[in-house]
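J.: build me a model from this:
(one chain, ligands or ions: 1)
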Amino acid sequence: MQQAWIQLRCPACEEGWEANPADLPEPKQEYTCKHCDDTRKMAEFTQTQTDLRILKEFHGV
Ligand SMILES: [Zn+2]
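T.: Sure, this is the predicted structure:
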């Protein structure tokens with residue numbers, strides 16, 4: 001099984017980091033930035049469409 005890490009970027013503080021989709025909620029659920037505590041929809045943190053697709057595929061949505 002391929003471990004595809006995805007690139008995240010917070011729209012509020014503009015901090016970027018990598019994360020394992022297994023540690024992230026579904027794209028429609030809320031997620032809190034670990035850098036600035038800003039809460040947004042998970043999908044807003046994905047940096048590219050590819051990252052969003054990987055996250056969706058992981059959760060099967
Ligand atoms: Zn942030």
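J.: beta partners for Q7?
T.: Assessed by DSSP bridges, Q7 has beta-bridge partners E18.
J.: go ahead and confirm it touches P21.
T.: No - between Q7 and P21 there is no contact under C-beta atoms under 8 Å: 11.5 Å. Any C-beta I mention is one placed from the backbone N, CA and C, and that applies to glycine too.
J.: neighbour-wise, which of the two wins?
T.: Remark: of Q7 and P21, P21 carries more neighbours, 19 against 15, as counted by other C-beta atoms under 10 Å.
J.: residues contacting that one?
T.: Neighbouring residues of P21 by C-beta atoms under 8 Å, 6 or more residues apart in numbering: A4, W5, I6, I54, L55, F58, H59.
J.: go again using 6 Å as the cut-off
T.: L55, F58 (C-beta atoms under 6 Å, 6 or more residues apart in numbering).
J.: do the one 4 residues further on as well
T.: With contacts defined as C-beta under 6 Å, 6+ apart, the neighbours of P25 are Y31, M42.
J.: run the last query once more with 10 Å
T.: Y31, K41, M42, L55, H59 (C-beta atoms under 10 Å, 6 or more residues apart in numbering).
J.: find the helix or strand that the first one is a member of.
T.: Here Y31 is covered by strand 30-32, with elements defined by DSSP states H and E.
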